[in-house]
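Peer 1: compute the structure for the input listed below.
(chains A and B)
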Number of protein chains: 2
Amino acid sequence: MRTPICVRLGIEYPIFAFSHCRDVVAAVSRAGGFGVLGVSRHSPEELAVDLEWIAEQSGGRPFGVDLIFPTTFAGNDLDALGASVPDEHRAFVRGLMERFDVPAPADQDSARLYSAHKLTPDNARALAEVALDADIAMLVSALGLPPEDLADRARARGIVLGALVGTPRQAQRQLDGGMDVLIAQGNEAGGHVGDISTMVLVPQVVDLAGDRPVLAAGGIADGRQVAAALALGAQGAWLGSAWLTTQESDLQPGLVARLLDASSSDTVVSKSYSGKPVRLLRTPWVKAWEEDGAPRPLPAPQQGLLVRDAMTSAVEHGIPEVLGTPLGQVVGQLRRQETCAMVVGRLVEEFIASAGSVSELLDADDN
Amino acid sequence: MRTPICVRLGIEYPIFAFSHCRDVVAAVSRAGGFGVLGVSRHSPEELAVDLEWIAEQSGGRPFGVDLIFPTTFAGNDLDALGASVPDEHRAFVRGLMERFDVPAPADQDSARLYSAHKLTPDNARALAEVALDADIAMLVSALGLPPEDLADRARARGIVLGALVGTPRQAQRQLDGGMDVLIAQGNEAGGHVGDISTMVLVPQVVDLAGDRPVLAAGGIADGRQVAAALALGAQGAWLGSAWLTTQESDLQPGLVARLLDASSSDTVVSKSYSGKPVRLLRTPWVKAWEEDGAPRPLPAPQQGLLVRDAMTSAVEHGIPEVLGTPLGQVVGQLRRQETCAMVVGRLVEEFIASAGSVSELLDADDN
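Peer 2: Prediction:
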């Protein structure tokens, strides 16, 4: 199953692991896939430490970094943005914190696990600069185009540039901006999503991309789905949620248990998390934003600032009604804890079985 | 590409065409696929005529019927249900009809093209009885379980029983009810849909169904998507929107032109059409139901009764702001008018190319 992107990146399998957890990134790269660290939760100092750790732990195998370039956001002054939050919204969130028994957070460090309030252009640039000095093989933009000077520095170092896209229009913009690889992410994915499903989006992006490789993201957690992604024309599969329940994952154990028990109907796309549409676990907290009388979520990053204390405290105290995570619909397929290497091995085996069945149908046609 | 369901139904390709248009049904069956007539828009008398016509035109090739069993609905007395519509809703619809210059419909016959108000148990039974007397190979429930006596009559005649499902739970209910074939329909499909995408839904339904065949529906309009459906474990692909723009389609020409120009972002799931979530073309009429101040759509079939006159008049007068259709996200892939036979031929060719590429990756693994 070695596609051209495998050759270019020097990996064995076209299986990409997006994770905020450095242990997952290193484990997947060690297993022959390609780990990509989502770094929006990092400070630049933490990022430098983590990238060095991954380089050591991945045994020389390549890995990447994924970050957000929020070029369209209001500005860099988070205090000023916080002050612009309307009283109605503050009152609503205070009411929810009372309703769900959420105390004020004591430990500001646990804010690290909730990052949707940090989306400023300056923060993105600082993180990108650390990443470009490290030994990474791919730099992926999860949102927005990287500034031209940073893209040039990446190219000068031979770093492959990638971008997540949710519509054919976004794909065209990223192609025009010179991206090497597109990750076509369907609506069923966890995190920031558009409206179009993986099945519908991937072939359209493949047709636009011409010779440039496309990875499929959203709705992939078993090898049949990897085979489907490649049948759609993708050169690889980009998985996120599938790693949340692995043994290497740093997700809170209570949350892991809930994911292993959840169905594909237990996620929802909500703007309550960051101000942008994010697919996440449908907690009572998230549902409360859909109720009659709830205010419309603010734009990013104000919404993230508004809910930061509640999210931080939910992590700190493990409050099940509030503690959530970005999460794709494949959660309904996650039923047991495996190591990352087991997941990679299973995906490869299942891919071979699925591709074998399709291949037999082809042979029957030839007769 | 002959899967077991092809052998069972006696067809060449596992390509299923759902259409309200008898010409499409006959043309696809003639081309080696399997046409399925959606009959919710028919009177029993019309249905008998159309099924005889298809039997003549399809040259002895098998075909099927798809209908709705609205067992949970309020009752059979449409006049009484119509009278229960709140004044607020009537006033809102009157306002919309003024805003979009929609006259009262003159010709009640054009109501045939809008059927969402006819969903009563009695209507469904009358249609099913006509279908069971005709020469059909498959009877599909688009919603609900067929009554046991009708299911028994179908089995006695050797008619394959199928059901559309949108969640693993619905799949289990239909399996428990003795259905022979499940059609797993993703959120990207046109018409009545659930929340889960095709990519995520199909493997879960396949796992539940055991030996019973599953067809994949939603997000399929080219042969790469057919190959993906089979890679996911389905035995066939069920297409709906792909036939709307064919030369045989009876869709209004103005609407066909708009579909050929639309993108995958031009559909939306709305309850404004029937009271149930239906993915359809996002017309100004549909958008108006999402605006601030719009009332929540009524349940089915009241919502259908409420908007019947406007829908009927839109068909009669071709009012572009109002004239819509159930429509899947694949509309963004429909770019030219083809005959149904051309579509079938193209799907087969593209399937062979896609499956061939995946198959080559497999060979590389064996080396």
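
Peer 1: beyond the helix or strand of chain A with the lowest mean pLDDT, next helix or strand please.
Peer 2: Ranking every helix and strand in chain A by mean pLDDT, DSSP states H and E puts helix A:78-83 at the bottom, with a mean of 78. Downstream of helix A:78-83, the next assigned helix or strand under DSSP states H and E is helix A:87-99.

Peer 1: name the residues that touch the helix or strand that that following helix is followed by?
Peer 2: Using DSSP H and E, the helix or strand that follows helix A:87-99 in sequence is helix A:121-133. Residues outside helix A:121-133 that contact it (Cβ atoms under 8 Å, 6 or more residues apart in numbering or on different chains) are A:39-40, A:42, A:44, A:47-48, A:51, A:65, A:67-71, A:73, A:76, A:139, A:146-147, A:150, A:153-154, A:157, A:159. To be clear about C-beta, it is placed using only N, CA and C from the backbone, and glycine gets the same treatment.

Peer 1: could you do stretch A:178-186 as well?
Peer 2: Taking Cβ under 8 Å, 6+ apart as the rule, stretch A:178-186 contacts A:5, A:16, A:138, A:140-141, A:151, A:160-166, A:171, A:174-175, A:193-194, A:196-202, A:205-206, A:209, A:212-219, A:234, A:238, B:197, B:199.

Peer 1: so which bits of it are buried?
Peer 2: Neighbour counts over stretch A:178-186 (16 or more other Cβ atoms under 10 Å in any protein chain shown) mark A:179-186 as buried.

Peer 1: kindly report the same for stretch A:132-150.
Peer 2: A:132, A:134, A:136-146, A:150.

Peer 1: residue A:162 bridge partners, please.
Peer 2: residue A:140, residue A:181 (DSSP bridges).

Peer 1: surely it meets residue A:142?
Peer 2: No - counting by Cβ atoms under 8 Å, residue A:142 is not a contact partner of residue A:162; they are 9.6 Å apart.

Peer 1: still on that earlier bit, hey, C-alpha coordinates of the least confident helix or strand of chain A in CSV?
Peer 2: What follows is helix A:78-83, C-alpha atoms only, in CSV (Å, rounded to 0.1, in the frame of the first residue of the first chain):
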residue,chain,number,x,y,z
LEU,A,78,-6.6,38.7,23.9
ASP,A,79,-7.3,41.0,27.0
ALA,A,80,-9.1,43.6,24.8
LEU,A,81,-11.0,40.8,23.0
GLY,A,82,-12.0,39.3,26.3
ALA,A,83,-13.3,42.7,27.5
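
Peer 1: and it, what does it pack onto?
Peer 2: helix A:302-317 (3 or more Cβ pairs under 8 Å, 6 or more residues apart in numbering or on different chains; DSSP states H and E).

Peer 1: any idea which helix or strand comes after the helix it packs on?
Peer 2: Helix A:302-317 is succeeded, C-terminally, by helix A:340-366 (DSSP H and E).

Peer 1: grab the nearest non-local neighbour of residue A:47.
Peer 2: residue A:130 (4.7 Å; Cβ to Cβ, 6 or more residues apart in numbering or on different chains).

Peer 1: which stretches of the stretch 101-250 of chain A form strands?
Peer 2: Per DSSP state E, counting those that start in this stretch, the stretch 101-250 of chain A carries strands over the ranges A:138-143, A:160-165, A:181-185, A:191-192, A:214-217, A:236-239.

Peer 1: who's in contact with residue A:215?
Peer 2: Residue A:215 touches A:5, A:14, A:16, A:162, A:181-184, A:229, A:234-238, counting by Cβ under 8 Å, 6+ apart.

Peer 1: so it bridges to which residues?
Peer 2: residue A:183, residue A:236.

Peer 1: distance of the closest residue to chain B within the stretch 1-150 of chain A from residue A:274?
Peer 2: Among the residues of the stretch 1-150 of chain A, residue A:1 lies nearest to chain B; the distance is 4.7 Å by Cβ to the nearest Cβ. For residue A:1, the distance to residue A:274 (Cβ to Cβ, to the nearest Å) stands at 35 Å.

Peer 1: those two: who's more crowded?
Peer 2: residue A:274 (28 against 24; other Cβ atoms under 10 Å in any protein chain shown).

Peer 1: for the more buried one, which three-state class applies?
Peer 2: Secondary structure, DSSP: H, G, I helix; E, B strand; the rest coil: residue A:274 is coil.

Peer 1: pretty sure it is touching residue A:306, no?
Peer 2: No - contact criterion Cβ under 8 Å: residue A:274 and residue A:306 do not qualify, at 10.2 Å.

Peer 1: what does the stretch 1-150 of chain A have sitting close to chain B?
Peer 2: Within the stretch 1-150 of chain A, the positions lying close to chain B (Cβ under 8 Å from any Cβ of the partner chain) are A:1-3.

Peer 1: turn the residues you listed into JSON lines, including secondary structure and pLDDT.
Peer 2: Shown next, in JSON lines, are these (DSSP: H, G, I helix; E, B strand; the rest coil; pLDDT from 0 to 100):
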{"residue": "A:1", "secondary structure": "coil", "pLDDT": "90"}
{"residue": "A:2", "secondary structure": "coil", "pLDDT": "94"}
{"residue": "A:3", "secondary structure": "coil", "pLDDT": "97"}
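
Peer 1: between the residues you listed, which is nearest residue B:252?
Peer 2: residue A:3 (43.8 Å; Cβ to Cβ).

Peer 1: now that closest one: how far from residue A:12?
Peer 2: 11 Å.

Peer 1: between the two, tell me which one has more neighbours.
Peer 2: Under the neighbour definition other Cβ under 10 Å, residue A:3 and residue A:12 were set side by side, and residue A:3 has more, 19 against 15.

Peer 1: so what's that one up against?
Peer 2: Residue A:3 neighbours (Cβ under 8 Å, 6+ apart): A:14, A:213, A:230, A:235-236, B:361.

Peer 1: residue A:170 too?
Peer 2: Neighbour list for residue A:170: residue A:194 [criterion: Cβ under 8 Å, 6+ apart].

Peer 1: got a pLDDT number for it?
Peer 2: At residue A:170, the model reports a pLDDT of 97.

Peer 1: where's it relative to residue A:184, distance?
Peer 2: 9 Å.

Peer 1: residue A:23 now?
Peer 2: Counting by Cβ to Cβ - residue A:23 and residue A:184 are separated by 27 Å.

Peer 1: and if you look at residue A:69?
Peer 2: For residue A:69, the distance to residue A:184 - Cβ to Cβ - is 18 Å.

Peer 1: hang on, the earlier thing: could you dump the buried residues of stretch A:132-150 to JSON lines with pLDDT?
Peer 2: Output for those, formatted as JSON lines (pLDDT from 0 to 100):
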{"residue": "A:132", "pLDDT": "97"}
{"residue": "A:134", "pLDDT": "96"}
{"residue": "A:136", "pLDDT": "97"}
{"residue": "A:137", "pLDDT": "98"}
{"residue": "A:138", "pLDDT": "98"}
{"residue": "A:139", "pLDDT": "98"}
{"residue": "A:140", "pLDDT": "98"}
{"residue": "A:141", "pLDDT": "96"}
{"residue": "A:142", "pLDDT": "93"}
{"residue": "A:143", "pLDDT": "89"}
{"residue": "A:144", "pLDDT": "88"}
{"residue": "A:145", "pLDDT": "90"}
{"residue": "A:146", "pLDDT": "91"}
{"residue": "A:150", "pLDDT": "95"}
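
Peer 1: cool, thanks, talk later.
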